[in-house]
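Student: With the input below, show me the fold.
(2 chains)
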Amino acid sequence: MGEAMGGPENMKRAIGGVFIDRRAGGGAETYAFWPHPPWKRIVIGEATLHQEPAWRGEVAIVHELAHAWDMQSANLLQRISGRPGQIVREMIKFIGEEPGPTCYGGLKSETCPPKWRVGDPKEEWAESVSAYLYPEYIEFLRLTSEKEADLRPLHRSYVERQFNLARQSANHTNR
Amino acid sequence: MKNINLFFGIGLLIVSLISLCFAFFETAKYVYVDYPCRLGLGPRLEVKEGTRIWYCINLWPRNAVSGGIVYAYGSSNENRVIIPRQGIVPTLFLERQNDILIVNGHILNPKERYNRFLWQFSWNIWLIFTANLTIQNGGLIDDVLQVYGDIEEGWLPQPLGIILTILAILFILKGSTKIRNDAS
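Tutor: Residues are numbered from 1 along each chain as shown, chains lettered A, B, ... in the order given. All right, here's what the predicted structure looks like:
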């Protein structure tokens, strides 16, 4: 993710810095309502972090960082009220009716679990970032449980644009 | 304290307001949670030979900005699974009879669902905690009965909060009237 943003410093600037903590069990959580660490933090379970193949653990981290990235684009009121940031709000407008990449991320297919068909733009964004950086994640889903999983053109284009913006704003700051 | 009504009313009002502040934090959405049951990144459970029931139940927490986590998952070589009580959710007894699932005595054919609305008084005078429980018989896959579930946490306002606040105001009014009368 750092590479895609043009380096760890750019990533820190875009996401605002996150404290990452590990714990024995459970999935992953992101406390993003506070602008700075240590309150702005990701807590991830060992079993989620260390999966086979290794990229699955990395996808889990990237997914959480994408949440933190969006929250960095939200104002304080939006953060404490659990509303999405500017990144997700603009994504909703940009993608229109295009299905998200995965069942968890707005695919809304008949083959997805009923609870997930409602869709959640915040998860759609996080899954789009994961799918953009880890194409093997989508391949894995297609082979196992979600045959329609795909990072479609508008989603891909939007994520790409956000990474470009992160790189550009960093270059602009450095000048 | 000369004026017990005023003392009691103010005390009650303070308790009510503190409780209201806690209620805000108990219902605020401040955390993204991941991952619920799914084959992507959620728990992967190898189904060994002889497995009779496989189950995975998600929890969609009250404080979650988005996402869900795993409430319970596992498998059993027997036809019966007991998932112990946690918080508002009662003990779940899952029983398999061929492709039929029995959840706490309710019979579910393949693809059928068992829905139950759960509620519980909170220690907080302003809140009632709720949960929508859904258990689905996912049918047989390689002679293993698949059980899926969702628990969606929520909340409702508890009338006790407003009742105690009105009582507090009445006590304060009564107390202050008595003070005014005594003064005149």
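Student: use CA for all of it now, contacts and neighbours both
Tutor: Noted.
Student: for the helix or strand containing A:S157, which positions count as buried?
Tutor: Here A:S157 is covered by helix A:153-174, with elements defined by DSSP states H and E. For helix A:153-174, the neighbour count (16 or more other Cα atoms under 10 Å in any protein chain shown) marks A:L154, A:H155, A:R156, A:Y158, A:V159, A:E160, A:Q162, A:F163, A:A166, A:R167, A:A170 as buried.
Student: now do stretch A:93-108
Tutor: Within stretch A:93-108, the residues that count as buried by 16+ other Cα under 10 Å are A:I95, A:P99, A:G100, A:P101, A:T102, A:C103, A:Y104, A:G105, A:G106, A:L107, A:K108.
Student: if we take those, which one ends up nearest to A:G119?
Tutor: A:G106 (4.5 Å; Cα to Cα).
Student: Quickly note the distance from the closest one to chain B.
Tutor: Distance, A:G106 to chain B, by Cα to the nearest Cα, to the nearest Å: 12 Å.
Student: Tell me if I'm right that that residue and A:G119 touch.
Tutor: Yes: between A:G106 and A:G119 a contact is recorded at 4.5 Å, counting by Cα atoms under 8 Å.
Student: Domain-wise, how is chain B divided?
Tutor: The record's domain parsing of chain B by automatic domain parsing lists B:4-24+B:162-179, B:30-159.
Student: So which of the ones you listed is nearest A:P135?
Tutor: domain B:30-159 (12.9 Å).
Student: Just the terminal-to-terminal distance for the closest one.
Tutor: End-to-end distance of domain B:30-159: 25 Å, with Cα to Cα, to the nearest Å as the criterion.
Student: cool, stretch A:92-104 as well?
Tutor: End residues of stretch A:92-104 are separated by 16 Å (Cα to Cα).
Student: List of residues touching that stretch?
Tutor: Outside stretch A:92-104, the residues that touch it by Cα atoms under 8 Å, 6 or more residues apart in numbering or on different chains are A:106-109, A:112-113, A:116-117, A:119, A:121, A:123-124, A:127-128, A:131, A:138, A:141, A:146, A:148-152, A:154-155, A:158.
Student: just the strands in chain B please.
Tutor: Using DSSP state E, the strands of chain B run over B:31-34, B:53-60, B:64-66, B:69-76, B:80-83, B:92-97, B:100-103, B:106-108, B:113-121, B:127-141, B:144-157.
Student: Compute the number of surrounding residues for residue 31.
Tutor: Just so you know, I chose chain A. 26 (other Cα atoms under 10 Å in any protein chain shown).
Student: right idea, wrong chain: chain B
Tutor: 24.
Student: Enumerate every residue touching it.
Tutor: Applying Cα under 8 Å, 6+ apart to B:V31 gives the contacts A:E29, A:T30, A:Y31, A:A32, A:F33, B:N63, B:A64, B:V65, B:S66.
Student: With A:Y31 instead?
Tutor: A:W39, A:K40, A:R41, A:I42, A:A68, B:Y30, B:V31, B:Y32.
Student: go with 7 Å
Tutor: By Cα atoms under 7 Å, 6 or more residues apart in numbering or on different chains, the contact set of A:Y31 is A:W39, A:K40, A:R41, A:I42, B:Y30, B:V31, B:Y32.
Student: wait, isn't the second one in contact with A:W34?
Tutor: Yes: here A:K40 reaches A:W34: they are 5.1 Å apart, a contact under Cα atoms under 7 Å.
Student: the more surrounded of these two?
Tutor: Neighbour count, other Cα under 10 Å: between A:K40 and A:W34, A:K40 has more, with 21 against 18.
Student: so what's that one scoring on pLDDT?
Tutor: Listed pLDDT for A:K40 reads 89.
Student: thinking again about what came up before, just the buried subset of the contacts of stretch A:92-104, written out for ChimeraX, thanks.
Tutor: Those of those that count as buried under 16+ other Cα under 10 Å are selected in ChimeraX with:
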select /A:106,107,108,109,112,116,117,119,121,123,124,127,128,131,138,141,146,148,149,150,151,152,154,155,158
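Student: Which ones among the contacts of stretch A:92-104 lie within helices?
Tutor: A:P121, A:E123, A:E124, A:E127, A:S128, A:A131, A:I138, A:L141, A:L154, A:H155, A:Y158 (DSSP state H).
Student: Just the buried positions in stretch B:142-161, please.
Tutor: Buried-residue list, stretch B:142-161, by 16+ other Cα under 10 Å: B:144-155, B:158, B:161.
Student: ok, so of those, who is nearest chain A?
Tutor: B:D150 (8.0 Å; Cα to the nearest Cα).
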